[in-house]
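Trainee: okay, predicted coordinates and the sequence, questions at the end:
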2 protein chains.
Amino acid sequence: MILITGGAGYIGAHVALELLARNEDVLILDNLCNSQRSAIERISTLAGQRPGFIQGDVRNRRLLDTLLRDYPIDAVVHCAGLKAVGESVHEPLRYYDNNVGGSLTLCQAMAQAGVFTLVFSSSATVYGDCCTMPINESCATGQPTNPYGMSKLMAENIMQSVASSDPRWSIGLLRYFNPIGAHPSGLLGEAPLNMPNNLLPFLLQVASGQREYLSVFGNDYPTADGTGVRDYIHIVDLAQGHLCALDALRERSGVNIWNLGTGRGYSVLELVKSFEQVSGVPIALQFKARRPGDVTCCWADPQKAADELGWRASRSLQDMLTDAWRWQCSQLETEWIREAN
Amino acid sequence: MILITGGAGYIGAHVALELLARNEDVLILDNLCNSQRSAIERISTLAGQRPGFIQGDVRNRRLLDTLLRDYPIDAVVHCAGLKAVGESVHEPLRYYDNNVGGSLTLCQAMAQAGVFTLVFSSSATVYGDCCTMPINESCATGQPTNPYGMSKLMAENIMQSVASSDPRWSIGLLRYFNPIGAHPSGLLGEAPLNMPNNLLPFLLQVASGQREYLSVFGNDYPTADGTGVRDYIHIVDLAQGHLCALDALRERSGVNIWNLGTGRGYSVLELVKSFEQVSGVPIALQFKARRPGDVTCCWADPQKAADELGWRASRSLQDMLTDAWRWQCSQLETEWIREAN
């Protein structure tokens, strides 16, 4: 059985679905602080079977001990964590507590229970701003410019130390680039409870009339059109990377770092244009000053994951945007139906 | 009132004593995991007044909340932490839990209680191995090579984020070089409950016949005599630096970093020779291979502390070794008396 912490969230739910699709037993632990119980229903509908679900917090050591004792868990995919960069600047202690404290508590409980296989939701933000593109896994980690990124790097470093101290650990650090998109069914996607933090959720709210315009931070970067370039990756590709990592960890010990990206960067304006083509909806833009901490370009060298995991992202930017738009429309429909009743 | 976490330990006890000597109210919190209750008696004897003492853990949030509610605490000197580099490699989770988790819990409790003045026991280990000597505070922090050093850097980074998020914080990060020596009374010094971790406690055990020889790790470093060079600082000088930091923080906000060192390095062989002169006891040496993670040289630029704190170390290497040897002899006497009774 695989325990997925944060399994009701955007990434965790897609990982759960992919695991269920190949008939793995899945137990989801989520405190629902930024996700909804309905995600569990949707996973069940799509998979044709129910994952186990416990509402609880990964920082609750006693709960973890109980779960690891009562369920035949042999690996953990650790997606639980807060992820809003801006919020982390204002509430750093909450971020460190959830993301670092949570990872620490999880590792302690796993070590005590004798469960040593761990896949961790890390982020390309740990590379900081000091690398040449594309970024491969041997690039040094930098000094992330915000507590969110710092918390991911701290959690990684804790896992590195843990693996050095005990050869029984098999840990995969998955450094995500920019996951976007949704399940092609339109039933599962990113559903931020509060203000969205990333480009695409904002853009989707503009497209569906919930916001007037999309703020583009910086159009004077040294890129082809002046806007920042990112490596967007389809959430389903990303989720499948977790399964490949779990498989690979059966044969590997220690810490293994894998970039999960496509290897191709798109600028903000390219993404917006592609969305307009896919959806037929024009997007109003407003250019704003660069945000401190934003890097100019960031895209992955995905070769290590290809070589070691046999994994490559296969879905195009058009796929990502088509699926994201379908999800957004289905969300709105649900809301209309709710309001109508 | 000043709360000193880890106030029964080597550094904390000397800080407590100096604070009491100038009539500050002191409350000591210590879990006694690597210190003894008798330290509190000795502080009381030397100071002519008793500090408050609570046996408890800095990770215990409820306890911290109670202390911060029930005592008129206006500043915290945070010395609680594990400090054995070698042990940290084998038990990283215990180190991260105590040192990072403890600092996080303390900051959370302080913020909630509205206490925003904090002096933190950091370490020159956060500079890693990438700096030219002497090290000043604007040198970049490196990647410490062991979980102990990593935990200090993580705690510093958490405090940096916290101070950026709320201007009410006044934080002093004191980066210690190599504190040695003891109180000149012979009543207070380093009393490791287990295997000593640092050069001088080892040397003292050899001098007093508890060990046969002193292991010197590496005599092929590019230094004058081939052994590593460190900036040893008298524990009383170091403790006084904390008082100067507390004073300075009344006028400063944000994070302030101060090196606490003498600015002068001595090699292992210089220290041994100086000890033999001071004590008249010859020390048998055995040269061993370098230890991974040990740097060649490390000494402070203490100018920033001089300028901003009006603080300079005034005690010589001879003072440090004389006081350390007096402490060691008085410890042995105590043991002999105990055994004789």
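Mentor: Everything's here; your move. Given the structure is predicted, the values throughout are model-derived calculations rather than measurements.

Trainee: only C-alpha atoms for contact and neighbour calcs from this point on.
Mentor: Fine.

Trainee: now the residue lying closest to residue A:241 once chain neighbours are set aside, what are its backbone angles?
Mentor: Spatial nearest neighbour of residue A:241, chain neighbours left out: residue A:311 (6.3 Å); criterion: CA to CA, 6 or more residues apart in numbering or on different chains. Main-chain torsions, residue A:311, degrees, to the nearest 10: phi -120, psi 130.

Trainee: neighbours around residue A:311, how many?
Mentor: 21 (other CA atoms under 10 Å in any protein chain shown).

Trainee: what comes into contact with the host helix or strand of residue A:17?
Mentor: Element membership for residue A:17, per DSSP states H and E: helix A:10-21. By CA atoms under 8 Å, 6 or more residues apart in numbering or on different chains, the residues outside helix A:10-21 that reach it are A:4-7, A:25-26, A:28, A:35, A:39-40, A:43, A:46-47, A:49, A:51, A:79-80, A:183, A:188-191, A:235-236, A:239-240, A:242-243.

Trainee: kindly report the same for stretch A:135-144.
Mentor: A:125-131, A:150, A:153, A:257-259, A:298-302, A:304.

Trainee: redo that, cut-off 7 Å
Mentor: Applying CA atoms under 7 Å, 6 or more residues apart in numbering or on different chains, the contact partners of stretch A:135-144 are A:125-131, A:150, A:257-259, A:299-301.

Trainee: how far is it from where the chain is centred?
Mentor: 18 Å (CA atoms, centre = their mean, to the nearest Å).

Trainee: from the contacts of helix A:10-21, which land in helices?
Mentor: Secondary structure from DSSP state H places A:39, A:40, A:43, A:46, A:47, A:235, A:236, A:239, A:240, A:242, A:243 of the contacts of helix A:10-21 in helices.

Trainee: TSV please, covering these and showing neighbour count, pLDDT and distance to chain B.
Mentor: Formatted as TSV, those follow (neighbours: other CA atoms under 10 Å in any protein chain shown; pLDDT from 0 to 100; distance: CA to the nearest CA, whole Å):
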residue	neighbour count	pLDDT	distance to chain B
A:39	21	96	32
A:40	22	97	32
A:43	23	98	34
A:46	16	97	39
A:47	18	97	37
A:235	26	98	30
A:236	23	98	33
A:239	21	98	29
A:240	19	98	30
A:242	27	98	25
A:243	20	98	27
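
Trainee: for the stretch 151-300 of chain A, which residues are neighbours of chain B?
Mentor: A:154, A:161, A:162, A:165 (CA under 7 Å from any CA of the partner chain).

Trainee: okay, now residue A:85: neighbour count?
Mentor: Using other CA under 10 Å, residue A:85 has 18 other residues around it.

Trainee: same check on the one 4 residues further on?
Mentor: Per other CA under 10 Å, the neighbour tally for residue A:89 reads 19.

Trainee: now do the same for it: helix, strand or coil?
Mentor: Secondary structure, DSSP: H, G, I helix; E, B strand; the rest coil: residue A:89 is helix.

Trainee: which ones are touching it?
Mentor: Residues near residue A:89 by CA under 7 Å, 6+ apart: A:146, A:147, B:165.

Trainee: which of these has the weakest pLDDT?
Mentor: Within the contacts of residue A:89, residue A:146 has the lowest pLDDT, namely 93.

Trainee: for it, what are its contacts?
Mentor: Residue A:146 is in contact with A:85, A:88, A:89, counting by CA under 7 Å, 6+ apart.

Trainee: cool, residue A:120 as well?
Mentor: A:77, A:78, A:79, A:172, A:173, A:174.

Trainee: please name the bridge partners of it.
Mentor: Note on residue A:120: beta-bridge partners by DSSP bridges are residue A:78, residue A:173.

Trainee: just checking, residue A:323 touches residue A:183?
Mentor: Yes. The criterion here is CA atoms under 7 Å, and residue A:323 meets it with residue A:183 at 6.5 Å.

Trainee: the more surrounded of those two?
Mentor: The neighbour comparison of residue A:323 against residue A:183 (other CA under 10 Å) goes to residue A:323, with 24 against 20.

Trainee: got the CA positions of the helix or strand hosting the more buried one in CSV?
Mentor: Element membership of residue A:323 [criterion: DSSP H and E] is helix A:317-340. Below are the C-alpha coordinates for helix A:317-340, written out as CSV (Å, rounded to 0.1, in the frame of the first residue of the first chain):
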residue,chain,number,x,y,z
LEU,A,317,1.4,22.7,-24.2
GLN,A,318,-1.9,22.6,-26.2
ASP,A,319,-2.9,19.5,-24.2
MET,A,320,-2.1,21.2,-21.0
LEU,A,321,-4.2,24.2,-21.9
THR,A,322,-7.1,22.3,-23.4
ASP,A,323,-7.4,20.1,-20.3
ALA,A,324,-7.0,23.1,-17.9
TRP,A,325,-9.7,25.0,-19.8
ARG,A,326,-12.1,22.0,-19.8
TRP,A,327,-11.5,21.7,-16.0
GLN,A,328,-12.2,25.3,-15.5
CYS,A,329,-15.4,25.2,-17.5
SER,A,330,-16.6,22.1,-15.6
GLN,A,331,-15.9,23.8,-12.3
LEU,A,332,-18.0,26.8,-13.4
GLU,A,333,-20.8,24.5,-14.5
THR,A,334,-20.8,22.8,-11.1
GLU,A,335,-21.0,26.2,-9.4
TRP,A,336,-23.9,27.3,-11.7
ILE,A,337,-25.8,24.1,-10.9
ARG,A,338,-25.2,24.7,-7.2
GLU,A,339,-26.4,28.2,-7.4
ALA,A,340,-29.4,27.3,-9.5
